[in-house]
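K.L.:
Fold the stuff below for me.
(one chain, ligands or ions: 1)
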Amino acid sequence: MGRLPSRRYASEDLHIRGVLGGGVAQASRDQWSSSFGFFAAAVGSAVGLGNMWRFSYLTAEKGGAAFVALYLVFTLVIGIPVLLAELTLGRGAQKGPIGALAHFGGERWKALGALFVVTGFLILSYYSVIAGWTLRYALESLTVGIPRDAAAHFGSVSEGADAFLFHALFMAITMVIVGGGVSRGIERVSVVAMPLLFVLVCALALYGATLENSAGGYRYYLNADFANALSLDVLVAAAGQAFFSLSLGMGAMMTFASYLTREAHLTRESWVIASADFGVAFLAGLMVFPIIFALGLQGAVGESTLGALFVALPGAFAEMGGTGRFVGLLFFVALVVGALTSALSLFEVVVSAAIDELGWSRPKAVLIMGVLVTLLGAGAAWNIAVLDLMDQVANNLFLLAGGLALAVFTGWVMDEPIAEARAGLGSSRGLGIWRFLLRWVVPPVLIFVLWHSVPATLENLWMFFAG
Ligand code: TRP
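P.N.:
Reported below is the predicted structural model:
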């Protein structure tokens, strides 16, 4: 027996959906219990390691403020339109990517949805390895403290059996929460975790401002050097980051929107989600760069790599003594919380696909898929170069191509996307521009970016396997 939705509008909503033919009425499908619940979960999905770890390391590697500016432009011009497309498809069909694409485009679009689910699998398997590092660092800050020689420490815990163990632990927590369901698992955790994360990031950014040499950090972060920034490499990275940070290009937002009722105002949701996501990334920069510059560790940032944050910051915290240990703890707790709510959305894509398409029960889907993701992550846990490669392939190929496919689908293939987007409490303001962007701006820009990112990524793949 399915649980009947108890929401005030739920039955009316099912009726409307039935009449409009906009969705498949399914009384047993779980739904968010409040609009804040959806908002918290969607922002939780967007805000994560991408905003703190990935954003800071890319900003450092790609030349500071100019990268940030490009990333902001991509968020506005490409990110928000694709986000609104995902929300529209998911809510309209009341299904995850496979079902939603089939609902609006016919059976042959199912393959694209299946590709999205595979992408989710891939991203979660290495994302969870990095999340495992943060979990370990948080526990260490709490108990023994992170050793002074942060580089050696990172070297010994980032790869091998230790890394796998913490990855498995992080996956186990993710499985327990997703196993609880949408409203009673994901939503319950997100409505607490998101406000907590926001407070932590604000506090840490304020703390950064009190440090002696913080001005150097701000200057590095906020001084744009556009001459150096306009390389193709930076462009590709900024586009990839816009997609990754907003959780776009593989149906995560689509899946979350499939648990929404008709009354949600999708245009407003997409603006608020994107603003919150950019806001946290920006704040993360305000906390990371002053801390690093205050201790003269900019060398480590200059030649930034994937692991830089896990070396430079703990190094800085160790120098700061007792305060540093406490600040470090807060910092790594913030990372763990952000990573966890993001992992929930990645895992829900995989789990809901197994429930909807294979007819599995939620516990069965969580168990089997969770174990598979954990095993797939073994490669990334074993070798950081594999992790880096998986991140590049997932972002620079899969997410960008997925975003392109979604823009073409919603802009050109789907009937009446505007009517679907404004259904419920939405308004039509700006929706003409939205469709214009989906048709004429997003595809050419993404094709251009892919034109450069595909060969570069394939070359890296080739070099990895040949060398
Ligand atoms: N957006 C998250 C972050 O910034 C990561 C994430 C969660 C994600 N779900 C996603 C990335 C779906 C791509 C697709 O950390």
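
K.L.:
Poorly predicted segments of the stretch 151-300 of the chain, please.
P.N.:
Filtered on pLDDT under 70, the stretch 151-300 of the chain yields the residue ranges 228-229, 298-300.

K.L.:
quick one: the helices in it?
P.N.:
Under the criterion DSSP state H, counting those that start in this stretch, the stretch 151-300 of the chain contains helices at 161-179, 188-209, 214-222, 226-229, 232-245, 252-257, 266-294, 298-302.

K.L.:
and those, which is most packed in?
P.N.:
Of all the helices of the stretch 151-300 of the chain, helix 252-257 carries the top mean neighbour count, a mean of 30, counting by mean count of other CB atoms under 10 Å. Bear in mind the C-beta positions are built from the backbone N, C-alpha and C, glycine included.

K.L.:
helices or strands up against it?
P.N.:
Packing partners of helix 252-257 (3 or more CB pairs under 8 Å, 6 or more residues apart in numbering; DSSP states H and E): helix 35-46, helix 80-93, helix 97-105, helix 321-358.

K.L.:
Of those, which is nearest Tyr126?
P.N.:
helix 321-358 (10.7 Å; CB to CB).

K.L.:
ok, back up a step: to Ala138, which of the helices of the stretch 151-300 of the chain lies closest?
P.N.:
helix 161-179 (10.3 Å).

K.L.:
The closest one near the ligand at all?
P.N.:
No. Against the ligand, helix 161-179 shows no contacts by CB under 6 Å from any ligand atom, the least distance being 11.5 Å.

K.L.:
quick one: Ala378 and Phe164 touch, right?
P.N.:
Yes. Taking contacts as CB atoms under 8 Å, Ala378 lies within contact range of Phe164: 6.0 Å.

K.L.:
hmm, back to that, tell me which of the helices and strands packed on helix 252-257 sits most buried.
P.N.:
Greatest average neighbour count among the helices and strands packed on helix 252-257 goes to helix 80-93 (a mean of 28), per mean count of other CB under 10 Å.

K.L.:
Mean confidence (pLDDT) on it, please.
P.N.:
Helix 80-93 shows an average pLDDT of 97 in the prediction.

K.L.:
what's the offset of it from the middle of its chain?
P.N.:
Helix 80-93 sits 16 Å away from the centroid of its parent chain (CA atoms, centre = their mean, to the nearest Å).

K.L.:
Can you spell out which helices and strands pack onto it?
P.N.:
Identification of packing neighbours for helix 80-93 by 3+ CB pairs under 8 Å, 6+ apart yields helix 97-105, helix 252-257, helix 266-294, helix 400-408, helix 417-422.

K.L.:
What angle do helix 266-294 and it make with each other?
P.N.:
130 degrees (axes from the mean of the first three to the mean of the last three CA atoms, to 10 degrees).

K.L.:
Residue numbers of this protein in contact with the ligand?
P.N.:
Counting by CB under 6 Å from any ligand atom, the residues of the chain that sit close to the ligand are 45-46, 48-51, 123, 244-245, 247, 250, 252, 342, 345-346, 399.

K.L.:
that older thread, I'd like the helices of the stretch 151-300 of the chain laid out as JSON lines, including distance to Arg136.
P.N.:
Compiled in JSON lines, these are given as follows (distance: least, CB to CB, whole Å):
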{"stretch": "helix 161-179", "distance to Arg136": "5"}
{"stretch": "helix 188-209", "distance to Arg136": "18"}
{"stretch": "helix 214-222", "distance to Arg136": "26"}
{"stretch": "helix 226-229", "distance to Arg136": "34"}
{"stretch": "helix 232-245", "distance to Arg136": "23"}
{"stretch": "helix 252-257", "distance to Arg136": "25"}
{"stretch": "helix 266-294", "distance to Arg136": "19"}
{"stretch": "helix 298-302", "distance to Arg136": "20"}
